[in-house]
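K.L.:
what's the 3D shape of this:
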Amino acid sequence: MVACLPPKQKIKEFFYYFNKEEVLPLDWQEKYSKKMISSEEAVAMVKPGDAVAFTAGREAYAIGLALVSRVVELQGQGVKVFVPTPGYDFGWYDPGWENFFDLTIMMATATCQHAIDEKRIDFNFGTIIPFHMNEDIMEPDILLTEVSPPDGKGFCSFGQSLWNKKRHVRAAKLVIAEVNANLIRTYGDNFIHVSEIDYFVEHVSSGAAPGTGSLAGRKKRTPEPYVKDIAGHVGSLMKDRDTFQIGVGRTTELLVQHGLLDGRQDMGYHSEATPPGIITLVREGMINGKYKTLNVGKVTVTSLGGGTKEEMEWATDNPMFELVDVAYLEDIRVIAAHDNMVAINQALAIELTGQITAEGLGTRQVSVAGGQIPFVFGSLLSKGGRSITVLPSTARVGDRITSRIMPTLPEGTPITTLRNCAQYIVTEYGIANLWGKSVRQRAEELISIAHQDFRSELRAAAKKRFWA
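P.N.:
Now for the predicted structure:
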């Protein structure tokens, strides 16, 4: 087993490969072989009081299993574990595990929702503009990530999901990577040299991909009839040659497959991920990026997801797809620099003046703002840009049907998009344009796209709130 390299030494060794006149494959291969250890050896490095972090995207499965196997040994030792986007259930989201690991997550998913509801884990919702100061990067004692096997020059790929992994690797004190031969290779900044990683562990398959349907791990459901109506309304706000983004959500992720871009051509794409249908439209040429202001001819994302196996194979080693760091992708200045930038995001609820929540109702956290805030701001600053927020008109709460358009939001509700920034709001009943409108006009616009069963009580509430 080799001694771990401190960050500066790792960087020094990394540049050694580039400064030599000739790369010596046998040299890096020998070092790579010496760095290969078992998952048990990897987690044996976790000491009392350590901060252990997984990188965003899929967790390193073999290492995660090995870590929970030390549960009794680590009880009461103050080990902190950060899981940005929970996908695998290692057991530690169940009652009682809070006595063994101090868990923090960054995205509420189906895997950990019950632990959030029961307040047994902590939640970090991030900051809006952290990237120029690297505030989205922690410096854990041990960082766990997943990479592909190295290529002929010793470079590993982070697969279909980059996010901020490369910067995390360079900031961590010690890095252990699980080597998964199933990970794809892409263009962009989606690679790391073996010299920048301290140890490697062979991948163990979970037998199933994490998550059960949506990009946030929610179970798949039969699409509701309203999805096609919403897709049609949003599509009417889009134009040929637009560059667009689609955020995570049960409704937004289905829009492309339900006709969002019917009749459109020469579209550009700059977004966190690729919901179902995006890769197919790239193959068909509808999305080609020919008229993007930045990254012309490229599909710019931090993660590829939501596609079929055939689509993912087509995206592998395809120069049209560029995986970039989230710090670049979600920089408001970069988003705004795209002419005709259209942001399409989902809300949980909206009140009559335009305050939007996409994260939770009351004090219950069910989602995260993610890239919604920078994309809303960026699209509004874009020349010819538009911000579109979609939501079904109603929600089922137990045995009751409630309106998602509300007189006011419940106390404690986090505001994701301020009413000053709310532009187009879309339900299955149509489009409300709030831009530049007074509070009375906003209320009237929103009531017109509410479900018919709730319009009378919404009008009564609006009259009481906005008229003498």
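
K.L.:
is Ala115 in contact with Gly91, as I believe?
P.N.:
No - the criterion here is CB atoms under 8 Å, and Ala115 misses it with Gly91 at 11.0 Å. Heads up, the C-betas are built off the backbone N, CA and C, glycines and all.

K.L.:
and the two? Which one has more around it.
P.N.:
With neighbours defined as other CB atoms under 10 Å, Ala115 and Gly91 compare such that Ala115 has more, 22 against 13.

K.L.:
can you classify that one by secondary structure?
P.N.:
helix (DSSP: H, G, I helix; E, B strand; the rest coil).

K.L.:
so who does the nearest residue to it once chain neighbours are set aside touch?
P.N.:
Excluding the flanking residues, the one nearest Ala115 by CB to CB, 6 or more residues apart in numbering is Tyr93, at 4.1 Å. Shown in contact with Tyr93 (CB atoms under 8 Å, 6 or more residues apart in numbering): Pro86, Leu103, Thr111, Cys112, His114, Ala115, Arg120, Ile121.

K.L.:
how close does Tyr93 sit to Pro140?
P.N.:
For Tyr93, the distance to Pro140 equals 20 Å [CB to CB, to the nearest Å].

K.L.:
what residues of the helix ranked longest in the chain count as buried?
P.N.:
Counting by DSSP state H, the longest helix found in the chain is helix 452-466. If you call a residue buried by 16 or more other CB atoms under 10 Å, then helix 452-466 has these buried ones: Phe454, Arg455, Leu458, Ala461, Ala462, Phe466.

K.L.:
same deal with stretch 262-273?
P.N.:
Here stretch 262-273 shows Arg264, Met267, Gly268, Tyr269, His270, Ser271, Glu272, Ala273 as buried, counting by 16+ other CB under 10 Å.

K.L.:
just to revisit the earlier point, quick one: contacts of the longest helix of the chain?
P.N.:
By CB under 8 Å, 6+ apart, the list of residues contacting helix 452-466 reads 352, 393-394, 401, 403, 405, 407, 439-440, 443-444, 446-447, 450.

K.L.:
one more time with 7 Å
P.N.:
Residues outside helix 452-466 that contact it (CB atoms under 7 Å, 6 or more residues apart in numbering): Leu352, Ser403, Ile405, Pro407, Val439, Arg440, Ala443, Ile447, Ala450.

K.L.:
which ones among those lie within helices?
P.N.:
Checking those against DSSP H, those in helices are Val439, Arg440, Ala443, Ile447.

K.L.:
return the residues in contact with the last one.
P.N.:
Residues touching Ile447, when contacts are defined by CB under 7 Å, 6+ apart, comprise Arg455, Leu458, Arg459, Ala462.

K.L.:
including pLDDT and distance to Arg386, could the residues you listed go into JSON lines?
P.N.:
JSON lines is the format used below for these (pLDDT from 0 to 100; distance: CB to CB, whole Å):
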{"residue": "Arg455", "pLDDT": "98", "distance to Arg386": "26"}
{"residue": "Leu458", "pLDDT": "98", "distance to Arg386": "25"}
{"residue": "Arg459", "pLDDT": "98", "distance to Arg386": "28"}
{"residue": "Ala462", "pLDDT": "98", "distance to Arg386": "26"}
